[in-house]
Each structure stands twice: as C-alpha cells, then as structure tokens.
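Participant: give me a 3D structure for the following:
(one chain, ligands or ions: 2)
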Amino acid sequence: MSLSLLCMSHTPLMGFNDPGAETRADVDALFDRARAFVEEVDPTLVVSFGPDHYNGFFYELMPPFAICYAGRGVGDFDTAADPFTVPEEIAAGMAQYAADAGIDMTISRGAELDHGAVQIPELVLGGLDRYPTVPVFVNGVAEPFVPMSRIRQMGEALGRYLAGLDERVLLIGSGGLSHDPPVPRWAEATEAQRAFLLNARHPTPEARAARQERTISTGLAFAAGEATIQDLNPEWDNAFLDVAASGRVEDFDSYTAAQMTLDAGHSSHEVRCWVAAAAAMRAAGPYVVRERYYRAIPEWIAGFGALFATTA
Ligand SMILES: O=C(O)/C=C/c1cccc(O)c1O
Ligand SMILES: [Fe+2]
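Facilitator: Numbers count the residues shown, from 1 in each chain. Ligands and ions are numbered 1, 2, ... in the order given. Purely as a prediction, here's the structure:
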C-alpha cells in the first residue's frame, strides 16, 4: 500500500490563449515533472477529485460531491471525450466506507465530466484509460457550499479506505486556486441563464463554441486589464499552498465560502478538490512535499498552483 498526491490547477484556456513563451515553457516543464512523478509512483489505482462547470452537474440535482462508478469526458475545450476506466468494485467500496463513516455520499453510474475533471488526468496520466481511475466530483461552482470541514472529512474517510487496499494509490486534486472566470451564477442570472444552469446537457456545437468563446475572450481582456472579473490573489493562493504543504488539513476548516468568494473569486471553491485529496493523503500519515509551484497567469484566468507529495 502507498498513497501519493498530485494537486494542480486546471484551466481550459491553456492551448487557447498565449501567456507568453516564458510562462508556457515554465508550465510545460511543470507538466513534464508531473508526468515523471506519476511514472515514479507507478500507481495501480488513481482517485481523481475534480469539479464541473455546468457541463455534467446542474441545479436540477446538485450534490456537494459524488463518487463516479462510471464517467466520461464531455470534450469541452478539446479535452478528451473518452470514458474513464473505472474499477467499479473499488468505487463501490469507497462509497460504502464513506457512508458507514457518516458521510452522505452521492454516487453516479453515468457521470459526464468536463475539463475540470478531465484535463489534469488526461495530461499527467497520458489518457483516461491508462490507469484504473475513480473520478470523484466535488462541487466548486454552485452555491450553496457545504462547510469545508465536510470536504475534509469526506477526503479523510476515503483516504482511510484507500490506505487499507493493497494498491499504490495516486490522489489527484484538480482546481483553483484564486480565479473568477465568467461562469453564470443563479442569483444574478437571466431567465435564459437559469435554464442553462438548470440543465444544459449536450449543447449544440454552436452553443458550445459560443460559451467557450466567451471564456477565451474574457481571458484576453483580463490579461489586458479590461475585464470586470475579480483579480487573482497570489497572497491568498500562497497561504492556501502553505496549509496544503503543511499537512495540517484541519486548518482548512476555517475557510468559509463567503470569505473565499470575496478574497479569491467565485471559482476559488474548486480548491475543495485539493482539500479532499490532501485530507485523503493525510489520513494515511504525514507526507513530504516533492513539488510546490505557483504562478499567476491572467491569460488563463488562473492562480496556477501545484503540489506533489509522497508519504513520509
Ligand atoms: O468557462 C468555464 O467553464 C470555465 C473556465 C475556467 C477558466 C479558468 C480556470 C478554470 O478553472 C476554469 O474552469
Ligand atoms: Fe475550473
């Protein structure tokens, strides 16, 4: 048995907006190190915590988190539209263990997963079918949010279960850090946007392209200082990374959703994926940080961070 941890920001604008050659090379080198880390820890099982952006999970039924017994990419922003190879018995074991531990776990037997859940596994694992992978959806955009302590406890419960398996488990957390991309919000949404937030599965190619174009152009305007979205917050991001690196996962409990929105933007809640993954990792004992990375990248609307760790 062993556990390892790889948390990274995702951004669908990578490959669409140019952040400059130096930044691109720096991030490419980070992804090379991520792939080398995966090769080194040589997982027999991957558990990947990722959010959604109203491509697979909608307000018609929005759980705080869900273990996916089966899931496939929707292919937004050119991410893989492939199925994950999910070991169903392990997914079911995780769900039962979490339920027995008092976690109100949701499951999905047919999840549709967007770039939030697909981009990092696709890029660091080399495809969605290369390793047996259990995707775990964690809501990072849709209010209301459960307290961060529940995310930590959910991660810890799954970590205890995974630590008891005869597997080399790689935990992935995909999301964050500070960022405020133009994802509609119910409170200020128009009627048309509310219909979208309620259920807009399987958009036409034209609707998909229009949506993506809005995000791409917002990224360009943001980098030019002309967008109205919230600024990135490198100070907040580095404080979050400090906690994640320390392994003191209970310290995340003091993060409230309202303050996170104010400090770090409406999509900062994606860090819940990191919290779940780090808490699962910590449940197996102290860990040693092998990589810590941070760079604010406005063209990609991303406080772009990474943390890799192995058991001490
Ligand atoms: O438009 C979306 O669906 C999401 C955009 C986005 C932009 C930047 C960073 C992220 O994590 C995003 O999800
Ligand atoms: Fe995102």
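
Participant: who are the neighbours in contact with the residue nearest the centre of the chain?
Facilitator: Centre of the chain computed as the mean C-alpha position; nearest residue by CA atoms, centre = their mean is S174, 2.7 Å away. Contact analysis of S174 by CB atoms under 8 Å, 6 or more residues apart in numbering lists 7-10, 48-51, 116-117, 119-121, 270, 273. (Each C-beta comes from the backbone N, C-alpha and C, glycine too.)

Participant: likewise A280?
Facilitator: L3, V47, G155, E156, L158, G159, L162, L171.

Participant: so it sits in a strand?
Facilitator: No: A280: not assigned to a strand; according to DSSP: H, G, I helix; E, B strand; the rest coil it is helix.

Participant: alongside ligand 1, which residues does the stretch 1-150 of the chain contribute?
Facilitator: Residues of the stretch 1-150 of the chain found near ligand 1 (CB under 6 Å from any ligand atom) are H10, T11, P12, L13, H53, G116.

Participant: helix, strand, or coil at the fifth one?
Facilitator: Read it as H53. For H53, the assignment made with three-state DSSP gives coil.

Participant: so it makes contact with V183?
Facilitator: Yes: shown here, H53 and V183 form a contact pair, counting by CB atoms under 8 Å, at 5.5 Å.

Participant: any residues in contact with both of the two?
Facilitator: Counting by CB under 8 Å, 6+ apart, the residues touching both H53 and V183 are V141.

Participant: between those two, who's got more neighbours?
Facilitator: The neighbour count for H53 versus V183, taken as other CB atoms under 10 Å, is higher for H53 (23 against 16).

Participant: and the residue nearest to the centre of the chain, its phi and psi?
Facilitator: The phi and psi values for S174, taken as degrees, to the nearest 10, are phi -120, psi 120.

Participant: mean confidence score for stretch 169-176?
Facilitator: Computed over stretch 169-176, the mean pLDDT rounds to 97.

Participant: what do you get for stretch 24-37?
Facilitator: 98.
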